[in-house]
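Visitor: okay, predicted coordinates and the sequence, questions at the end:
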Amino acid sequence: MAETKNRELPRHLDPAKADFDLFSSPFYLIAHADFKFHEDLDKAIAKYGLDRATYRLLTVLMRRSPISIKDLSTLALLKRSTASRALERMRREGWVEHSLNKTDNRITDVYLTHSGRELSERVMQLGSRQLKRAVEGLEEKDMMRLVILLQTLVRNLSKLPIE
């Protein structure tokens, strides 16, 4: 990727400029796409008694289980307190179990139960259908380029803060 440290932003994309166009701003468009993606998905998962936090936790647990509560909340993009409340509800529903980590008993690991895995598989189908709707008309190379660009943004924003 080309070096951009000293390059000027296009004026219409720079929030500090008078001719800034909010509706062309990459982060406005990312937020708008995320909002639209979840608007319908939230309604669909609610039929299973799920909210967005639970959906995010299930999504991560489908890929990494067992996992510590700290790592799970980080990967699910949730505050630890939000993740802990959702996990307690999920435990009561029988979707997850907790156990002490085998190598460090200060860490609590979370894993999906059989019923949690079955539920996850059903709701991941909803996520799949929503994603297919979202990327309709995009070629695979465009989707892969989008992923690379978004990964670059995340890496850049994970560096030291602006101040």
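Guide: Right, received. Where do you want to start? What you are looking at is a predicted structure, and each value in this text was computed from that prediction instead of being measured.
Visitor: what's the burial count for residue 53?
Guide: Neighbourhood size, residue 53 [other CB atoms under 10 Å]: 20. Where you see a C-beta, it was placed from the backbone N, CA and C, and this is true even at glycine.
Visitor: so what's it closest to, chain neighbours aside?
Guide: Computed as CB to CB, 6 or more residues apart in numbering, the closest residue to residue 53 that is not its neighbour in sequence is residue 86, at 4.5 Å.
Visitor: tell me, how many residues neighbour the one you found?
Guide: 23.
Visitor: and it, what element?
Guide: In this structure, residue 86 sits in helix 80-93 according to DSSP states H and E.
Visitor: where in this structure is pLDDT low?
Guide: Along the chain, the model assigns pLDDT under 70 to residues 1-6, 163.
Visitor: which stretches of it form strands?
Guide: For the chain, the strands defined by DSSP state E cover 67-68, 96-100, 108-112.
Visitor: reformat those strands as a markdown table; add distance to residue 53 and mean neighbour count.
Guide: Converted to a markdown table, the strands of the chain look like this (distance: least, CB to CB, whole Å; neighbours: other CB atoms under 10 Å):
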| stretch | distance to residue 53 | mean neighbour count |
| --- | --- | --- |
| strand 67-68 | 16 | 19 |
| strand 96-100 | 13 | 15 |
| strand 108-112 | 14 | 19 |
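Visitor: take these and write them to a markdown table, including distance to residue 74.
Guide: Below are these laid out as a markdown table (distance: least, CB to CB, whole Å):
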| stretch | distance to residue 74 |
| --- | --- |
| strand 67-68 | 9 |
| strand 96-100 | 17 |
| strand 108-112 | 13 |
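Visitor: so which of the ones you listed is nearest residue 33?
Guide: Residue 33 lies closest to strand 67-68 among the strands of the chain, at 27.3 Å (CB to CB).
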